[in-house]
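Undergrad: coordinates only, no sequence provided:
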């Protein structure tokens, strides 16, 4: 009897979680709130919450308040898949805001697709993510574009002829960026003098860096995540490698400077937006974000904010709350004035917009230039 | 040529880190004839203890030799307490059960520490405080020897010599060797095996503590799963050199560090981890007792 009671107590919250309130629209979100790249997920989640709070404060959508259910994927692909399944089948969400990492979106998006629930990823940049089907969208640009941006920047702004690459072979994102960078860089007569790899979780990179040093490149492209990039920067400087490092939006975290310290200063990476922008949409967003969380929003927060805003705008326009109606309106998104730029979704459901190049300067991020597609 | 010398230095520096952890494996095996798979997680807890104590004592932004020493002493204490608790709660109750049970328990303790570590400390990586300034001690051309490398190597050698001294020149060392040979007979000679085994865990775990501070100093990113790979590699190093043999652990660790470095430098970094386990297999086929070990039939 006791056991039965205990089982009931444990199961009750699950059942009650399923009941839907009439005057509420439920949106689901899954993100890496713990795990090795948790700052990405936490930032994105803060952006989403800020956007929805604003919308609710202004009266909600279709006369209803929006409530958000957030699940943690712990930075694991299989957890992302089960989180999305749970959101759709148990929480009955009308749409899902996806996670930040491409690997997790690739695991989760097909589930949303087969259930015909619209899925919007804030920051998954791998090209394959939206190939899951016509219910899958994203508000960020894709990897080939980022690789191209840095190759262009290296050639045109830094006037570099010889570059080395250090990629994370375990990471689709890193491999994608590195491949495109190499192709683009060679196009204009540039030379890739070394193309080496590491694996996420490694802590010693001196062997690779020593080898890169012997090839005398003028810059090193390291399109990894901040945890390893910080250590790579330190060890590069310890070995006396003074040329700039370059990377992608995987660098965008305050931890980058905490881990890399002085060594990371002065290096460049491509990103979705800059806090130095004078665009009123951006300054307004930064002001509100600081007021709510007492920290400067990074690009992931801005993307989370945009993803939520675009999704809610589509829900507002849709004639009803069916997955198909919301999907149809999402696909019509054009020139949406987002924090990360004017966002239009193309026929592949990818956002088309420009990227910025940022220079690391302590915990500040100095805007260098904008590069358009 | 300069690159080759640089690779050598990098390899020795990596090897000395493996050595510190390998010593802990080899110690416990030498006395208890069991592989303490939780050793690498004691090391992980040590790194977090140093992290939190450095913040608590306010010495995190105060690099210097005294900071390093303070943190090493604190982590040694924390790790040996943890080692004692593990021994008392997980291993001692199984003292007379089959070896396999103890082995599986050790793996269980290891997983327990890893995953409760993620709950307690959070899975997000933390940044280890700066305990010492890194500077160039000696340089020829582009080849540099840095203070971190020298410190780690120095501590490794001191630890090895200290262990040798402890085992062969002290009374408690003689008792340890006696327990290792035959705990039953040792107890008839007035040695308390439980006490000696507890002492072994104190020494082994405090070595893990020293290792964690030095690794944290050199690679300032710590997370609850940080012990996994490095623990595996150190374990392979201990087997390679002859598990139970103190000098062998250091030799094995150096071979591991150097060969890993050379594989990444001249082959591909993708083979790095494959190599460690490749070495293990080859050694187990051709010289099952390890390079410096004595062959004896062991029933697991």
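TA: Nice, thanks for sending it over. The model shown is predicted, which means the values in this text are computed figures rather than measured ones.
Undergrad: report the beta-bridge partners for the residue in the stretch 51-200 of chain A positioned nearest to chain B.
TA: Minimum separation of the stretch 51-200 of chain A from chain B (Cβ to the nearest Cβ) falls at residue A:197, amounting to 5.1 Å. Just so you know, the C-beta spots here come from the backbone N, C-alpha and C atoms, and that holds for glycine as well. Listed by DSSP bridges, the beta-bridge partners for residue A:197 are residue A:167.
Undergrad: which ones are touching it?
TA: The contact partners of residue A:197, taken as Cβ atoms under 8 Å, 6 or more residues apart in numbering or on different chains, are A:166, A:167, A:168, A:169, A:208, B:268, B:269, B:270.
Undergrad: and what of residue B:155?
TA: Residue B:155 is in contact with B:16, B:20, B:210, B:214, counting by Cβ under 8 Å, 6+ apart.
Undergrad: pretty sure the second one is touching residue B:157, no?
TA: No - no contact is recorded between residue B:20 and residue B:157 when judged using Cβ atoms under 8 Å, the distance being 10.3 Å.
Undergrad: the two - which one has more neighbours?
TA: residue B:20 (27 against 13; other Cβ atoms under 10 Å in any protein chain shown).
Undergrad: interface residues of the stretch 251-373 of chain A facing chain B?
TA: A:255, A:258, A:259, A:261 (Cβ under 8 Å from any Cβ of the partner chain).
Undergrad: again, only this time at 10 Å
TA: A:255, A:257, A:258, A:259, A:260, A:261 (Cβ under 10 Å from any Cβ of the partner chain).
Undergrad: quick check, residue B:139 in a strand?
TA: Yes - counting by DSSP: H, G, I helix; E, B strand; the rest coil, one finds residue B:139 located in a strand.
Undergrad: and residue B:280, how far from residue A:296?
TA: 48 Å (Cβ to Cβ, to the nearest Å).
Undergrad: name the residue in the two with the higher neighbour count.
TA: Neighbours were counted for residue B:280 and for residue A:296 using other Cβ under 10 Å; residue B:280 has more, 18 against 14.
Undergrad: before we move on, which element is the residue nearest to that one when sequence neighbours are not counted in?
TA: Nearest-residue entry for residue B:280: residue B:236, 4.7 Å, with adjacent residues in sequence omitted and distances by Cβ to Cβ, 6 or more residues apart in numbering or on different chains. Per DSSP states H and E, residue B:236 falls inside helix B:227-241.
Undergrad: likewise residue A:342?
TA: In this structure, residue A:342 sits in strand A:341-345 according to DSSP H and E.
Undergrad: buried sites along that strand?
TA: For strand A:341-345, the neighbour count (16 or more other Cβ atoms under 10 Å in any protein chain shown) marks A:341, A:343, A:345 as buried.
Undergrad: pLDDT for the residues you listed - can I get that in TSV?
TA: Below are these laid out as TSV (pLDDT from 0 to 100):
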residue	pLDDT
A:341	84
A:343	88
A:345	89
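Undergrad: any idea how many residues pack against residue 136?
TA: Went with chain A since none was named. Residue A:136 has 29 nearby residues by other Cβ under 10 Å.
Undergrad: could you do chain B instead?
TA: There are 11 residues near residue B:136, going by other Cβ under 10 Å.
Undergrad: what residues does it make contact with?
TA: Taking Cβ atoms under 10 Å, 6 or more residues apart in numbering or on different chains, we find residue B:136 in contact with A:238, A:240, B:144, B:145, B:146, B:147.
Undergrad: the fourth one against residue B:137, yeah?
TA: This means residue B:145. Yes - using Cβ atoms under 10 Å, residue B:145 is in contact with residue B:137, at 5.2 Å.
Undergrad: more neighbours, these two?
TA: Neighbours were counted for residue B:145 and for residue B:137 using other Cβ under 10 Å; residue B:145 has more, 18 against 12.
Undergrad: run the chain-centre distance for the strand holding residue A:342.
TA: 16 Å (Cα atoms, centre = their mean, to the nearest Å).
Undergrad: next secondary structure after it?
TA: Next element after strand A:341-345 (DSSP H and E): strand A:351-352.
Undergrad: for residue B:280, give its distance to chain A.
TA: 19 Å (Cβ to the nearest Cβ, to the nearest Å).
Undergrad: pretty sure that residue is touching residue B:241, no?
TA: No - distance between residue B:280 and residue B:241: 11.8 Å, which falls outside the contact criterion (Cβ under 10 Å).
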